[in-house]
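# pasting the sequence and the predicted model now:
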Amino acid sequence: MIRKTAFALMLAAAGVNAHAALSAGDIAFTAFNADEDGWAIVALTDIAASSTIYFSDNTWNGSGFANTEMAHAWSSGSKVIGAGTVIRFSQIDNGSALSASVGNLSMVASTNVGFSATNETLYAYLGSAWNAPSTFLTAISSAPSGFNNATYGVLTNTGLSVGDTAIAINSSADYGQYNGVRTGEVSFSAYRSAINNVANWAVTTTGDNALAVPDTTAFTVTAVPEPKSYAMLFAGLGLMGFMARRRSR
């Protein structure tokens, strides 16, 4: 028991964590393209191998999805996707050409395929099926009233909030992309509020942006030495060693 506890402490001090299930804010949208029909996300924590995330622009009314739009299932692949990785999803309305820069994307609901620039809301979530969400991860909206109209989709009962785990970009957005900082923070989660702040996005409502390519530069963090953590670790190990010696007497 003592050995297991010591090992857990060493892992924690070294910043090594088990890949827990994703939760709200663990990914964020970094681009939205209504002309190409695509988007990009950044992982703000490691995504475990063989994870499945659903994306849907079906209207969420607070208790369920309306089956009037499309939905996709994304399998992350056989390897862990490191925090900071940006993944692009392109031509998602084209069943033969849709793709993801990492993992595999498939269409699982094909009603009214394609994005609208004027009233679109896209949700990312975990679940047992595309229409059975269990954990909402993030959302993006280009609807006239953001997430405040049940006709276009709301955040009620999603656990998400604008500016923290969801973003409302300009209405009638043809193309939008996060253009804020991608370096300098001490943790990946520290980028979340910046990414979900529309002031840090460049959004266009005119022209044909079907060929626009989102920035897929990875996010990075600045390592900060934690001498106190290591001091606590060794103090804890010393205490456990002392207790073990006393028990052996």
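Done, it's in.
# center of the chain - which residue?
Per C-alpha atoms, centre = their mean, the C-alpha nearest to the average position across the chain is that of Ile27, at 1.3 Å.
# mind checking how far that one is from Ala83?
Computed as C-beta to C-beta, to the nearest Å, the Ile27 to Ala83 distance reads 10 Å. In this view, the C-beta of every residue, glycine as well, is placed from N, C-alpha and C.
# residues that sit against both of these two, list them.
43-44 (C-beta atoms under 8 Å, 6 or more residues apart in numbering).
# how about the strands in the protein?
Ranges of strands in the chain, per DSSP state E, are 27-33, 38-43, 52-56, 70-75, 86-90, 99-100, 104-110, 121-129, 132-141, 148-149, 153-154, 166-168, 175-178, 201-204.
# can the ones you listed go into TSV with extra columns for distance to Val186 and mean pLDDT?
Listed next are the strands of the chain as TSV, based on distance: least, C-beta to C-beta, whole Å; pLDDT from 0 to 100:
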stretch	distance to Val186	mean pLDDT
strand 27-33	17	97
strand 38-43	16	98
strand 52-56	26	98
strand 70-75	29	97
strand 86-90	19	98
strand 99-100	29	96
strand 104-110	32	95
strand 121-129	25	97
strand 132-141	22	97
strand 148-149	34	88
strand 153-154	34	94
strand 166-168	23	97
strand 175-178	19	96
strand 201-204	23	95
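# distance to Ala212 for those - can I get that in CSV?
Converted to CSV, those look like this (distance: least, C-beta to C-beta, whole Å):
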stretch, distance to Ala212
strand 27-33, 6
strand 38-43, 9
strand 52-56, 19
strand 70-75, 20
strand 86-90, 11
strand 99-100, 16
strand 104-110, 19
strand 121-129, 17
strand 132-141, 16
strand 148-149, 27
strand 153-154, 24
strand 166-168, 18
strand 175-178, 5
strand 201-204, 9
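# so which of those comes closest to Val213?
strand 86-90 (7.9 Å; C-beta to C-beta).
# and for Ile167, nearest residue in space, chain neighbours not counted?
Leaving aside its sequence neighbours, Ile167 sits nearest to Asn196 (C-beta to C-beta, 6 or more residues apart in numbering; 4.4 Å).
# the one you found reaches Ile169, doesn't it?
No - with contact defined as C-beta atoms under 8 Å, Asn196 and Ile169 do not form a contacting pair (10.2 Å).
# higher neighbour count, those two?
Asn196 (25 against 22; other C-beta atoms under 10 Å).
# could you check how far that one is from Tyr152?
Distance, Asn196 to Tyr152, by C-beta to C-beta: 18 Å.
# which other residues reach stretch 109-117?
For stretch 109-117, the external contacting residues (C-beta under 8 Å, 6+ apart) are 33-35, 37, 56-58, 67-71, 93, 95, 107, 122, 130-131, 142, 172-174, 205.
# for stretch 186-196, same thing?
So stretch 186-196 is contacted by 25, 28-30, 42-45, 83-84, 138, 162-167, 178, 180-182, 185, 200, 219, 221-224 (C-beta under 8 Å, 6+ apart).
# now with 7 Å, please.
Taking C-beta atoms under 7 Å, 6 or more residues apart in numbering as the criterion, the residues outside stretch 186-196 that touch it are 25, 28, 30, 42, 44-45, 83-84, 163-167, 178, 180-181, 185, 200, 219, 221-222, 224.
# derive a ChimeraX selection command for the buried subset of those residues.
This is the ChimeraX syntax for the buried subset of the contacts of stretch 186-196, where burial follows 16 or more other C-beta atoms under 10 Å:
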select :25,28,30,42,44,45,83,84,164,165,166,167,178,185,200,219,221
